[in-house]
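Trainee: below is the sequence, then the predicted model.
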Amino acid sequence: MTAVTDAPVRPDPPAAAPAEAPTDLATAALEVLPTGRAPAADRPLHRRLRGVERLAGVVLLVGLWEIAARVGWLRPDVLARPSTVLTVGVDLWRDGTLPAALRASLSRVAWGLGIGIPVGTVLAVLAGLSRIGDDLIDANVQMLRFVPIIALQPLLIVWLGVGEEVKITMIVVGVAFPVYVNTVTAIKGIDPRHHELAAVLGLRRSTVVRRIVLPGALAGFLVGLRLAVAIAWLLLVFAETINASSGIGYLISRAQVFFQTDVIVVGIVFYAVLGLVADALVRTAEARLLRWQPGR
Amino acid sequence: MTAPTTGAHAGTATADGVVTVRDLHRSFGDREVLRGLDLDLRAGEFVALLGRSGSGKSTFLRALAGLDPGVTGHLVVPEARAVVFQDPRLLPWERVLTNVVLGLDGTRRDAVDAGRAALAEVGLAGHAADWPKTLSGGEAQRAALARALVREPKLLLLDEPFGALDALTRIRMHVLVRRLHARHRPAVLLVTHDVDEALLLADRILVLTDGRFSLDVAVEATGDRHRDDPHLVALRRTLLAELGIHDEEATDPVPAPTTDPDPDRPDHDHDHDHDRPT
């Protein structure tokens, strides 16, 4: 808006500046903004195209890998080509090797999460709601969570032998920490005004936990859950690769002995797919449980 | 409803009186905020409590609400009491109706019926299934009012409930509160900083100055109240003077309350730390 402020200051426009100059300035200071057009990201077609683009990126990478293998840049004992991986995967599935391995791995993760999540949650509720619980639990957990879980394996083997218990225990411990830490932080972060409301409404302690503490801490718990799922896969791979007689990790480590890169890649692909599926499940649960949040 | 049974809440109110306060004290550290308050409230009485920032009016309301076990003295309040705070304090993860009936005794069905009726009374019948975060400020505060009403309180404590609302919404809330009071007749204690709001709504106005009631006057007006009613004009001048605002400052015809009326008000969360055994 320089034109507006300048005009009165300049009583007599110099001859060099023609009469239309102030008009130009005034026009330049104004802008007609585009209206009536939804942002690109909101248009359904655009969104679909984005999906296609992302998929195309993956297809391109796999295609390059296939070509590189076919023209001889990648030797099969370095990295099997995608089409071989696919055939080998189908064969392993048909002869029952892969389903058995999958079952073994899934059951370890399920046990690990099934015990670790409740353990982390219960400890978090105890520490978050009572002073004694906080004093007894929190300091210990905060200290122990800096111990790399993998370093516990030798000790666990001494205690538990080399069976399923060790693998499941490692996952339980690894899962309980992120669930605990995120949930306890969320519980302690609940708006104190909600507790005051509970007092005014005369809510019983159990009602406060059920209606205020748990739902209030849910968002934090779910963050912990996503971390926990990722950590569970990580520890599964570690436990299965080091010492196991079943599971996807076992499949991979046995294939390593025979330089079967195709089998190794099949195992890795399955780990990736399972991880993605688990994450998608948690995201779905999140969207459903937190649907009260604006912008969801 | 269960009342927290702290020492100060022993005993029951007498026939017509719903609130009895005798020699109530409250200190935070060295600072004495309430210095020996006496008060009787009758059933159905609408009392406004005015006071400057830090005068202790919110502390007094919290004591009556049973939120402050740190008070000393004699304090009798009905078990059936409800509070509406300056913020609506709806649980964002529960739908509006569930918020209204939260913690209500009786069967789920009775509670839901009562909750729907209360929502209809405050004009929110169509919002029962909404999430609180989709409500406007005025709607959320009306839901908070419904949550208080559904408990059929004998004592309704209003802690600057209109302070955060815009001027037009506030006018509509005033009308609503008068109508609800006329229908349900709870004793009301309205804590406010707004002299005109007190004059418009209350039967009796108290001024709290430095932890003591410095003024206790009846508002002699019936039916619809007009700002230019001579009695109200005179009373307004008295009240403003009591609050430290004198004629020359009070000539501004509309001492418009701001959205943040009381920035120096004792911080609730801070108070909370004193109250809660952590």
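Mentor: Yes, it's here. Residues are numbered from 1 along each chain as shown, chains lettered A, B, ... in the order given.
Trainee: every contact and neighbour count from this point should use C-alpha atoms.
Mentor: Fine.
Trainee: check contacts around residue 81.
Mentor: By default, I'm working from chain A. Contact partners of residue A:81, counting by C-alpha atoms under 8 Å, 6 or more residues apart in numbering or on different chains, are A:65, A:66, A:69, A:70, A:262.
Trainee: sorry, should have said chain B
Mentor: B:65, B:151, B:152, B:153, B:154, B:155, B:156, B:157.
Trainee: next, the first one: phi, psi?
Mentor: This means residue B:65. When quoted as degrees, to the nearest 10, the phi and psi of residue B:65 stand at phi -70, psi -10.
Trainee: report pLDDT for it.
Mentor: For residue B:65, the model assigns a pLDDT of 92.
Trainee: where's it relative to chain A, distance?
Mentor: The gap separating residue B:65 from chain A is 7 Å, by C-alpha to the nearest C-alpha, to the nearest Å.
Trainee: now the second one
Mentor: Spatial separation of residue B:151 from chain A under the definition C-alpha to the nearest C-alpha is 9 Å.
Trainee: is chain B contacted by the longest helix anywhere in chain A?
Mentor: Using DSSP state H, we find that the single longest helix of chain A is helix A:97-129. No. Against chain B, helix A:97-129 shows no contacts by C-alpha under 8 Å from any C-alpha of the partner chain, the least distance being 9.5 Å.
Trainee: mind checking the pLDDT average for that helix?
Mentor: 93.
Trainee: stretch B:143-151 now?
Mentor: 93.
Trainee: now that stretch - C-alpha only, CSV.
Mentor: In CSV, the C-alpha atoms belonging to stretch B:143-151 read as follows (Å, rounded to 0.1, in the frame of the first residue of the first chain):
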residue,chain,number,x,y,z
ALA,B,143,-23.2,-28.8,28.2
ALA,B,144,-21.3,-28.2,31.4
LEU,B,145,-24.4,-26.5,32.7
ALA,B,146,-26.5,-29.6,31.8
ARG,B,147,-24.0,-31.8,33.5
ALA,B,148,-24.5,-29.7,36.7
LEU,B,149,-28.3,-29.6,36.3
VAL,B,150,-28.7,-33.4,35.8
ARG,B,151,-27.5,-33.9,39.4
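Trainee: for the most centrally placed residue in chain A, what are its contacts?
Mentor: Computing the C-alpha centroid of chain A and ranking residues by C-alpha atoms, centre = their mean puts residue A:226 first, at 5.1 Å. Residues near residue A:226 by C-alpha under 8 Å, 6+ apart: A:279, A:282.
Trainee: kindly indicate whether the most centrally placed residue in chain B is helix, strand or coil.
Mentor: Taking C-alpha atoms, centre = their mean, the centroid of chain B lies closest to residue B:158, which sits 1.4 Å from it. Under DSSP: H, G, I helix; E, B strand; the rest coil, the three-state class of residue B:158 is strand.
Trainee: I'd assumed residue B:186 was in contact with it.
Mentor: No. If you go by C-alpha atoms under 8 Å, residue B:158 and residue B:186 don't touch, sitting 11.8 Å apart.
Trainee: a strand runs through residue B:37, doesn't it?
Mentor: Yes. Counting by three-state DSSP, residue B:37 is found in a strand.
Trainee: is it bridged to anything, and to what?
Mentor: residue B:24 (DSSP bridges).
Trainee: for the residue nearest to the centre of chain B, what are its contacts?
Mentor: B:83, B:84, B:85, B:188, B:189, B:190, B:191.
Trainee: report the two of these separated the most.
Mentor: B:85 and B:188 (13.4 Å; C-alpha to C-alpha).
Trainee: neighbour count for the two, which is higher?
Mentor: The neighbour comparison of residue B:85 against residue B:188 (other C-alpha atoms under 10 Å in any protein chain shown) goes to residue B:188, with 26 against 20.
Trainee: which element, helix or strand, includes the more buried one?
Mentor: strand B:187-192 (DSSP states H and E).
Trainee: which residues of the stretch 51-200 of chain A fall in helices?
Mentor: A:82-94, A:97-129, A:131-133, A:139-144, A:153-160, A:164-188, A:192-201 (DSSP state H, counting those that start in this stretch).
Trainee: pLDDT value on residue B:217, please?
Mentor: Value for residue B:217, per-residue pLDDT: 88.
Trainee: same question but for residue B:11, I mixed them up
Mentor: 45.
Trainee: ranges for the strands of the stretch 101-250 of chain B?
Mentor: Remark: strands assigned in the stretch 101-250 of chain B by DSSP state E, counting those that start in this stretch are B:155-159, B:187-192, B:204-209, B:212-218.
Trainee: burial check on residue 97, number of neighbours?
Mentor: Unless you meant another one, I'm taking chain A. Using other C-alpha under 10 Å, residue A:97 has 16 other residues around it.
Trainee: oops, I was thinking of chain B
Mentor: Going by other C-alpha under 10 Å, the residues that sit close to residue B:97 add up to 27.
Trainee: give me the buried stretch members for the helix or strand hosting residue A:268, please.
Mentor: Using DSSP H and E, residue A:268 sits in helix A:261-289. If you call a residue buried by 16 or more other C-alpha atoms under 10 Å in any protein chain shown, then helix A:261-289 has these buried ones: A:261-268, A:270-271, A:275, A:278-279, A:282-283, A:286.
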